[in-house]
Structures are given as structure tokens and as C-alpha cells.
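[1] Quick one, what's the 3D model for this:
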Amino acid sequence: MDQNDDYEKESLTRLVKENNRMLKAMNRREKTRGFFTFLKYVLMITFFVFSYIQLKPYLDSVMDLYQKVGEQSDSLSGITDKVGEFDLEKLKDAFEQ
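    Next comes the predicted model:
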């Protein structure tokens with residue numbers, strides 16, 4: 001039985017070492033994956049911030065243009081309110097006389 005016990009101990013030791021090696025490899029892969037995931041998010045945020053900084057002058061000019069168009073439409077609606085209803089029949093009658 002002594003030889004059988006030694007063989008079982010060697011097998012168990014071999015299995016424990018192999019499991020330990022696999023667990024260390026898995027842990028190393030998880031750390032690497034975590035680092036690259038963090039790096040990916042940092043690069044994405046940096047890209048979006050840099051893009052916003054580069055596009056801000058263009059966005060500001062578009063917003064100014066939009067506001068000017070809105071002001072012009074408001075002034076046009078104000079003019080139509082001042083003119084009131086325009087009746088073509090009355091104008092036609094005025095020119096016929």
C-alpha cells in the first residue's frame with residue numbers, strides 16, 4: 001500500500017500544480033482583459049472630447065444661423081399680423097373701378 005499511496009500523492013500533486021498553473025493563467029488573462037477594456041474606454045472618451053473640441057466652432061456657427069432664421073421667421077409673422085387679412089376680391093374691385 002505504500003507504493004499506491006506514493007503514486008496517489010504524486011498524481012494529486014501533479015493535478016494541484018496543473019490546476020494552479022491554469023488558475024494563474026486565467027487570472028493573468030483577466031487582468032490583461034481588464035487593462036485593455038479600461039484603455040478602450042479611455043481612448044473612446046478622449047476621442048469624443050477631442051472631436052467635440054474640434055467641432056465646437058462649427059456647431060456654434062450652425063446654432064447662430066438657426067437662431068437668426070428663427071428671428072427672421074418671427075419678424076415675418078409679425079409683418080403678416082400687421083398687414084392683416086389680404087382679400088384679393090377687394091383689390092380686384094379697386095382696380096376695376
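
[2] Could you identify the helix or strand that succeeds the helix or strand S75 falls within?
    Assigned by DSSP states H and E, S75 belongs to helix 2-83. Counting by DSSP H and E, the element after helix 2-83 in chain order, helix or strand, is helix 88-96.

[3] Tell me how far that following helix lies from the chain's centre.
    Per CA atoms, centre = their mean, to the nearest Å, the displacement of helix 88-96 from the mean C-alpha position of its chain is 60 Å.

[4] ok so, going back, what mean pLDDT does the helix holding S75 have?
    For helix 2-83, mean pLDDT is 90.

[5] Against S11, how distant is the residue nearest the centre of the chain?
    Centroid check for the chain by CA atoms, centre = their mean gives F48 as the closest residue, at 7.7 Å. Taking CB to CB, to the nearest Å as the measure, F48 falls 55 Å from S11. All C-beta atoms are positioned from the backbone trio N, CA, C, and that covers glycine.

[6] And E71, by the same measure?
    86 Å.
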